[in-house]
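Student: quick one, structure for this:
(one chain, ligands or ions: 1)
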Amino acid sequence: MQPLRNVELKARDHDPEATLAAALGHGAADQGVLRQIDTYFAAREGRLKLREEGGSATLIAYARADEATARTSAYHLVDVPDPAALKGALDAALGTVVVVEKFRRLLLWQDVRIHLDAVEGLGTWVELEAVAPADSDLTDEHRMVAELRAVLKIEDDEVVATGYAGLLLEDGAATPRLVDLARTAMDRAYAPYSHFQVGVALRDETGALHSGANVENGAYPQGACAETSAIGALIAAGGHAIREAVVMADTELIVPCGGCRQRLSEFAGAETPIHLAGPEGIRRTVTLGELLPLAFDLEEARG
Ligand code: THU
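Tutor: Numbering: from 1, shown residues only. Predicted coordinates for the structure are as follows:
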């Protein structure tokens, strides 16, 4: 079976009433407003989310974007009769990463779905989604989206490529969960020689969360820092980049050692936030650039 293909556009909408009026004036049919709640759980592989919409709920498991095959089998859809109970069970077993709550007004114009979304914590948005038939070369879909875009006056600088969950994560929606993961890892650290336990939690580019603890060794130089363990977990789970980190230890202010600053910089940028935490929570947030100015980068060094 051919995968469904969409031509999509998502943009901030500073004047949803004007957008609605323009869409209706152009002949779009109003399908009414739905409440949608997407709860993203910390899955071991890929993504796992519960979508509650109107009176129904579906559990959706899908592969990471970079590994998603062009087959529908990359998706698992499960009808959920008791969403509250399932949410409780998955939260207890896996943890909740982020919840996206929105009111969505759906309008239809030709083969384009127009979503006027009010997203909790993110404001108002407009989305255009043209679903293409299997044999389409997408010319018509691009034309329809371009026409609507002009009618709805969607400016270039309002358009974003990130999904709502990603935008909330960039705003720190998963930070409390990262703190919890770092604390659990810290409590489990193997540090019988230094008696100094460190826990680290990382958020990768897909929103997946990873953690690690320091693991010492009777042959002292063989010990590994918590950052190293956490980076190993991120790589083994299929992650590529660090978007946010929590480093935790029960000391006044834990800071990553020099070697770990370099290890972090292999996967993080100068602007990546590093939260320095004690058992009770974050004490100070710095960027990796502040921790490691003039970082060595092999690509840059080679010129
Ligand atoms: N440690 C870390 O895990 N991360 C750091 O950033 C600083 C130090 C560990 C290494 C060792 O097991 C213990 O803390 C004492 O140095």
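
Student: CA only for contacts and neighbour counts going forward, please
Tutor: Noted.

Student: gap between Thr228 and the ligand?
Tutor: As judged by Cα to the nearest ligand atom, to the nearest Å, Thr228 and the ligand stand 8 Å apart.

Student: any idea which element that residue lies in?
Tutor: Assigned by DSSP states H and E, Thr228 belongs to helix 226-236.

Student: swap in Val286?
Tutor: Using DSSP H and E, Val286 falls within strand 281-287.

Student: ditto for Arg35
Tutor: Per DSSP H and E: strand 29-41 holds Arg35.

Student: list the buried ones in the helix holding Thr228?
Tutor: By neighbour count on 16 or more other Cα atoms under 10 Å, the buried set for helix 226-236 is Ala226, Glu227, Thr228, Ser229, Ala230, Ile231, Ala233, Leu234.

Student: one more: stretch 137-144?
Tutor: Residues Leu138, Glu141, Met144 are the ones in stretch 137-144 that count as buried (16+ other Cα under 10 Å).

Student: surely Arg47 touches Ala61?
Tutor: Yes: judged on Cα atoms under 8 Å, Arg47 makes contact with Ala61 at a distance of 5.6 Å.

Student: measure Phe41 to Gln110 for me?
Tutor: In this view, Phe41 and Gln110 are 35 Å apart by Cα to Cα, to the nearest Å.

Student: so who does the residue most central in space within the chain touch?
Tutor: With distances taken as Cα atoms, centre = their mean, Gly207 lies nearest the centre of the chain, 3.1 Å away. Contacts of Gly207 were listed using Cα atoms under 8 Å, 6 or more residues apart in numbering, and they are Val97, Gly166, Leu169.

Student: roughly how far apart are the last one and Ile154?
Tutor: Meaning Leu169. For Leu169, the distance to Ile154 (Cα to Cα) stands at 24 Å.

Student: with the first one instead?
Tutor: Spatial separation of Val97 from Ile154 under the definition Cα to Cα is 31 Å.

Student: kindly report the same for the second one.
Tutor: Noted for Gly166: a distance of 21 Å to Ile154, by Cα to Cα.

Student: test my guess that Val286 contacts His275.
Tutor: Yes: with contacts counted by Cα under 8 Å, Val286 reaches His275, the gap being 6.4 Å.

Student: more neighbours: these two, which one.
Tutor: Each of Val286 and His275 has its neighbours counted (other Cα atoms under 10 Å); His275 has more, 26 against 14.

Student: residues touching the more buried one, list them.
Tutor: Contact analysis of His275 by Cα under 8 Å, 6+ apart lists Glu244, Ala245, Val246, Val247, Ile282, Arg283, Arg284, Thr285, Val286.

Student: just give the closest residue to the last one, not the sequence neighbours.
Tutor: Closest residue to Val286 apart from its sequence neighbours, by Cα to Cα, 6 or more residues apart in numbering: Ile274 at 5.3 Å.

Student: surely the one you found meets Val247?
Tutor: Yes: using Cα under 8 Å, Ile274 is in contact with Val247, at 7.3 Å.

Student: which one's more surrounded, these two?
Tutor: When Ile274 and Val247 are compared for neighbours, Val247 comes out ahead with 29 against 26, by other Cα under 10 Å.

Student: who does that one bridge with?
Tutor: Beta-bridge pairing of Val247 under DSSP bridges involves Val200, Leu276.

Student: ok, now which ones touch it?
Tutor: So Val247 contacts 182, 198-201, 227, 254-256, 274-277 (Cα under 8 Å, 6+ apart).

Student: check Gly281 too.
Tutor: Gly281 neighbours (Cα under 8 Å, 6+ apart): Val179.

Student: is it bridged to anything, and to what?
Tutor: Beta-bridge partners of Gly281, as defined by DSSP bridges: Gly278.

Student: please report the distance of it from His76.
Tutor: 36 Å.

Student: what is the burial count for Val126?
Tutor: For Val126, the neighbour count with other Cα under 10 Å is 26.
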